[in-house]
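Chemist: 3D model of this:
(chains A and B)
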Amino acid sequence: NAGVMQNPRHLVRRRGQEARLRCSPMKGHSHVYWYRQLPEEGLKFMVYLQKENIIDESGMPKERFSAEFPKEGPSILRIQQVVRGDSAAYFCASSSGQAPNQPQHFGDGTRLSIL
Amino acid sequence: AQSVAQPEDQVNVAEGNPLTVKCTYSVSGNPYLFWYVQYPNRGLQFLLKYITGDNLVKGSYGFEAEFNKSQTSFHLKKPSALVSDSALYFCAVRDRDRDDKIIFGKGTRLHILP
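Modeler: Below is the predicted model:
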């Protein structure tokens, strides 16, 4: 499967625990984007990364949230000390940095539930 | 700053009738414009894009969209709706003059009534 892969598809955490969401971009894509979607709402941009660099994190909460896209391996969205309000679907998308007119390709998301 | 407006939260259309899902945008430069569709429990799927050239763009599943520069609109259309077209539709814009993120509208839920 050459598409964007996200895992896990579903993640359940208790308040105060950590959540780690993984995203492997499409082959050849070097740009990764993370979005949050609440039920019956649109996509909220969180962060835009290129390999080993955070380009735009204007949508990330200042505390508890962090993201990385290392030279090797998937991009990780990390949420520390989760709270009920973090429950949402988190989507990753990737694109080719060489062609900004190309669409983003999305994974099927990780649905995070906080107990 | 870039922005996208989808003025309708929901659109209801009878099967077989034409459908339109509205989108207007704002960018400082020239836009790249996109439409995506989302089915339940899935990620967004790309439908079509406007880059340059012909203002009428054809995409997947019989959908098309018309770029109107004077009205800064990019409405999604289909001549004859199918029940299977029922889904959440997102319009998106990117400023072609900036290495910047794509901005998504809040989405429009399309219900095709049998």
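
Chemist: what's around residue 93, how many residues?
Modeler: Here I'm looking at chain A. 27 (other Cβ atoms under 10 Å in any protein chain shown). Quick note: C-beta positions are derived from backbone N, CA and C, even for glycine.

Chemist: oops, chain B please
Modeler: 24.

Chemist: From the chain's centroid, how far away is stretch A:19-29?
Modeler: Computed by Cα atoms, centre = their mean, to the nearest Å, the chain-centroid distance of stretch A:19-29 equals 8 Å.

Chemist: low-scoring pLDDT stretches of chain B, where are they?
Modeler: Residues of chain B that meet the criterion pLDDT under 70 lie in B:99-100.

Chemist: How about the residues of it by chain A?
Modeler: With Cβ under 8 Å from any Cβ of the partner chain as the criterion, chain B meets chain A at residues B:32, B:34, B:36, B:41-46, B:49, B:51, B:90, B:94, B:96, B:99-107.

Chemist: hmm, which of these are the buried ones?
Modeler: Among the residues of chain B next to chain A, those buried by neighbour count (16 or more other Cβ atoms under 10 Å in any protein chain shown) are B:32, B:34, B:36, B:43-46, B:49, B:90, B:94, B:96, B:101-107.

Chemist: Among those residues, which ones are in strands?
Modeler: Among these, DSSP state E puts B:Tyr32, B:Phe34, B:Tyr36, B:Leu44, B:Gln45, B:Phe46, B:Lys49, B:Phe90, B:Arg94, B:Ile103, B:Phe104 in strands.

Chemist: Let me see the contact set for the fifth one.
Modeler: By Cβ atoms under 8 Å, 6 or more residues apart in numbering or on different chains, the contact set of B:Gln45 is A:Phe106, B:Tyr36, B:Val37, B:Gln38, B:Tyr39, B:Ser60.

Chemist: next one: B:Ser3
Modeler: The neighbours of B:Ser3, taking Cβ under 8 Å, 6+ apart as the test, are B:Tyr25, B:Ser26, B:Val93, B:Ile103.

Chemist: biggest separation within the residues you listed, which pair?
Modeler: B:Ser26 and B:Ile103 (9.3 Å; Cβ to Cβ).

Chemist: Need the overlap of contacts for these two.
Modeler: Common neighbours of B:Ser26 and B:Ile103 (Cβ under 8 Å, 6+ apart) are B:Gln2, B:Ser3, B:Val4, B:Val93.

Chemist: which residues does the second one bridge with?
Modeler: Just to be clear, that refers to B:Ser3. Judged by DSSP bridges, the bridge partners of B:Ser3 are B:Ser26.

Chemist: follow-up on the earlier one: tell me the most packed of the contacts of B:Gln45, by neighbour count.
Modeler: B:Tyr36 (26 neighbours).

Chemist: what's across from it in the sheet?
Modeler: B:Phe46, B:Phe90.

Chemist: Settle this for me: it is touching B:Ile102, isn't it.
Modeler: No. With contacts counted by Cβ atoms under 8 Å, B:Tyr36 stays clear of B:Ile102, the gap being 9.7 Å.

Chemist: can you list residues touching both of the two?
Modeler: With contacts defined as Cβ under 8 Å, 6+ apart, the residues adjacent to both B:Tyr36 and B:Ile102 are B:Ala92.

Chemist: measure A:Tyr35 to B:Gly105 for me?
Modeler: As defined by Cβ to Cβ, to the nearest Å, A:Tyr35 lies at a distance of 13 Å from B:Gly105.

Chemist: any idea how far A:Ser58 is from A:Leu77?
Modeler: 15 Å.

Chemist: Comparing these two, which residue is more hemmed in?
Modeler: A:Leu77 (27 against 9).
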